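Student: please find the sequence and the predicted model below.
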Amino acid sequence: MDAPNHIRLNPRSTRWGHSYAMAQGTVQVMHTGTSRWRRRTGEYASLAAALEAAADGDVLTVAPGTYRENLVVQRAVTLRGPEGSPGSVRIAPVDGVPLTVRASAVVQDLHVEGQDAAAPAVLVEEGTPELVDLRVMTRSAAGIEVRDGARPTVRRCTVDNPAGVGIAVLDGAGAAAEECEVVAAGQSGVAVRGGGRPRLERCRVHHASGVGLSVTGENSSLEAVGCEVYEVRGSGVQVTSRATAHLTDCDVHRTTADGVTLDTDAVLTLADCRIHDVPENAVDLRSRSVLTLTRTTVRQFGRNGLSVWDPGTRVDANQCEIFDSTGDYPAVWVSDGATVVLESCRVHDVPDALFVLDRGSRADVVDSDLTQVRNTAVSVSDGATAQLDDCRIKDAATGAWFRDHGSGGTLNGCTVDGTQTGVIVTKGADPTIERCTVTSPTEAGFYVSAGARGTFHNCRVTGSEGYGFHVIDGCRTTLRKCRTERCARGGYEFADGGPSAPGGGAATVEDCTSDESASLKTAAPEPAVQTATVASPGLLGSIPGQRAADQGAAAATGAEPEKPARTSQAVLGELDALVGLDSVKREVRQLTDMIEVGRRRQQAGLKAASARRHLVFTGSPGTGKTTVARLYGEILASLGVLEKGHLVEVSRVDLVGEHIGSTAIRTQEAFDRARGGVLFIDEAYALSPEDSGRDFGREAIDTLVKLMEDHREAVVVIVAGYTAEMERFLSVNPGVASRFSRTITFGDYGSDELLRIVEQQAEEHEYRLGPGAAEELRTYFTDLPKGPTFGNGRTARQTFEAMVERHASRVAQLAEPSTDDLTLLYAEDLPTLP
């Protein structure tokens, strides 16, 4: 039968080279024999001697004490300290490797100390040993180093190594570490290279001066389950140079650099992980690296949540959440040809949700929520592409912004709710927007400007405080089967050329409708009726344009606008022909007379009074502010005060950027487009909201004031908006108020004036009011509710359009209608009061 063999060591204070035995006690070697009971007890001069005497299967129990030896375990023995006295056995040589394991041994309950900066404290070179409950306190190259094909299991071990790496797995070695802790490391907490392949389970790595978990080199890999990395002075996890890693149910937080870094063909999978409290990027990928995230949360990051760079670099995220940014950067940044796929993800409480930049960069977002975004939810620029399918954008300043030439993509089946502007398309961008709904924007549902294109198919805008679709600068935008409902300033606005406008800058509109009328007619921003017309696919054939084509659009595209051919008196004659606006006409004539007389005094060699030409227009929507601004610019050009006299209309969305510095650039660009003409800032009070906080509107105001001072002769600036809001705007911005000579108030139209606008519309389109229709129209306008968003002249135009459509429905039932039938509008054609 088998029997134990006991070898007893009584260490003495004897010096053996550089090793010492400094404690009294015994090393008891228990051997399981294979033949018969035998007992052998001896005294050994060192632990090394006891190990030499032991055979495979022996159990060496070491008495408490400090052993200054360099131990080498080369047999499958068990080397352990006494039970119930953890840390009582110290292996602490002066230099070299304190403990080397080259066999499938068990080493347990030892305290290992090293002092050699060029060597590890524990070195595992061969076999499949078990290291259990070791406390490694050292100042070595590495606390525990595994190499050369060894496959140890490391359980409940602690490494404290402020001079080097915590745990290193190198040169094709593997390791299974369970419930281990690196409490300090002068370099990486865990380093894997040269084809090492460890698995960490329920481990903690913290207070490392380098990377928490570092994996580098081809064939190197790391698997971590239920681990935590925190309080490190570098990245939490770094995977580079074709290495791979897989983390499940792990926490990475409180780093001083990026949370996770991938570079040069690295591959990482994160499942059910949490990355948070990171001052830099939560995750940064470059150089063809690939990241897969599943059910992972990223929060409280100082820069980007996901920062993705370079061609071939890719992120696939499924059921992930990115939120609670602490900085001023986009949550997801995709640039230089990288790709990001977000599926069933949530991005919220961030400055910007998704920025895609540079040709070749792409973002695909499916069934995801982008909410509580301070600036822009989706920004696409510099030739990048974004595709959003069945996504929900809510509570953002801008839902999606396609910024410039070559930038595009698709929004399909998305909803945008509670934004200032739902979708913006500018500077030659050309996205496709399909089956998207924008609800309750404060400025516009869809805004297209600066030579952009874009196709909008089966889209809807409801409850806009501004326009539904606002297309300016003669953009070649296509709208098909779109609809607007309850848009305060109008469902469709085409400034500087509408559908099929002469001159080439033409939007294409097909089968679009509004609750204002059954089919789209070219909406115009102001009520004054002029003779210019643009074609429309609707019932009317053509609708009077409320302003001529904007020469500012030509300036924006580099074409030189023609100089005005009309005299000031001819332009004033057109002003006089507008319906109503008597006080406005008087104000403009006074200004014109003063400028004209001043010019003549100068020609006569006399001093001319200094007349400030910048103006404030106040009043409700639809009262002719933009039309008068255009005419004012033409008058000044005819008097030689302005070089061109063209009008450039902008609003907050054109001036205010998302980041520090971008607002000044945009404001400068708008000012430059207006050189020689009029810069008309609609709803200027939006630049200074009451709860401005960190709003960049202040930067636009400061830039504008300086430009007005530096280039006082080059541009006339007109700021416009509701009366009360503009009064507040000027009162809180005295630097702005001092630059404007006078305020012109545009009053609401009365019933007679609204009737006259309808009569002009009817005459322009070869209709007549039948007997009794004029009286009924006057009564209709008198009874019509006139709240703060009442459209004035625009309401008159919309009423006329509704009458034409009801007339068409009535006359279509007649077999052979007469000319009177085809032209007369009766009281019965009036729409019902809202």
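Tutor: Thanks, I have it.

Student: residues in contact with Ala363?
Tutor: 332, 334, 339-342, 354, 356, 378, 380, 384-387, 409 (CB atoms under 8 Å, 6 or more residues apart in numbering). Glycine gets a C-beta too; all of them are placed from N, C-alpha and C.

Student: strands - which of those residues land there?
Tutor: 332, 334, 339-342, 354, 356, 378, 380, 385-387, 409 (DSSP state E).

Student: out of the contacts of Ala363, the closest to Val438 would be?
Tutor: Val378 (13.3 Å; CB to CB).

Student: and the closest residue to the closest one other than its chain neighbours, how many neighbours does it have?
Tutor: Of all residues not flanking Val378 in the chain, Ala400 sits nearest, at 4.1 Å (CB to CB, 6 or more residues apart in numbering). Neighbour count of Ala400, defined by other CB atoms under 10 Å: 32.

Student: repeat for Leu575
Tutor: Leu575: 21 neighbours (other CB under 10 Å).

Student: quick check, it in a strand?
Tutor: No. Counting by DSSP: H, G, I helix; E, B strand; the rest coil, Leu575 is not found in a strand; it is helix.

Student: surely Ala224 meets Ala245?
Tutor: Yes. Counting by CB atoms under 8 Å, Ala245 is a contact partner of Ala224 at 7.4 Å.

Student: what bits of the stretch 1-150 of the chain have low per-residue confidence?
Tutor: Applying pLDDT under 70 to the stretch 1-150 of the chain picks out residues 1-43.

Student: just to revisit the earlier point, identify the contacts common to Ala224 and Ala245.
Tutor: Leu213.

Student: higher neighbour count, the two?
Tutor: When neighbours are counted by other CB under 10 Å, Ala224 and Ala245 differ, and Ala224 comes out ahead with 28 against 23.

Student: Three-state assignment for the more buried one, please.
Tutor: Per three-state DSSP, Ala224 ends up strand.

Student: equivalent analysis for Arg600, please.
Tutor: helix.

Student: circling back: A strand includes the residue nearest to Val378, no?
Tutor: Yes. Counting by three-state DSSP, Ala400 is found in a strand.

Student: separation between Arg652 and Glu727?
Tutor: 18 Å (CB to CB, to the nearest Å).

Student: neighbour count winner among those two?
Tutor: Each of Arg652 and Glu727 has its neighbours counted (other CB under 10 Å); Arg652 has more, 24 against 16.

Student: which ones are touching the more buried one?
Tutor: 420, 443, 683, 686-687, 697, 700.

Student: make it 7 Å
Tutor: 683, 686-687, 697 (CB atoms under 7 Å, 6 or more residues apart in numbering).

Student: with Asp367 instead?
Tutor: 343-344, 390-391.

Student: and of the residues you listed, the nearest to Leu285?
Tutor: Taking CB to CB as the measure, Leu285 lies nearest Glu343 of these, at 17.6 Å.

Student: neighbours of that closest one, how many?
Tutor: 16.

Student: going forward, the N-terminal residue is numbered 150.
Tutor: Understood, numbering begins at 150; the last thing we discussed is Glu492.

Student: read off the pLDDT value for it.
Tutor: Note on Glu492: pLDDT of 97.

Student: my read is Gly555 is in a helix, agree?
Tutor: No. Applying three-state DSSP, one finds Gly555 to be coil, outside a helix.

Student: skipping adjacent residues, who's closest to it in space?
Tutor: Gly532 is the one closest to Gly555 (CB to CB, 6+ apart), at 3.4 Å.

Student: report the separation between that neighbour and Glu818.
Tutor: 19 Å.

Student: what's the span of stretch 959-977 from first residue to last?
Tutor: 10 Å (CA to CA, to the nearest Å).

Student: may I see the buried residues of it?
Tutor: Residues of stretch 959-977 classed as buried by neighbour count (16 or more other CB atoms under 10 Å): 972-976.
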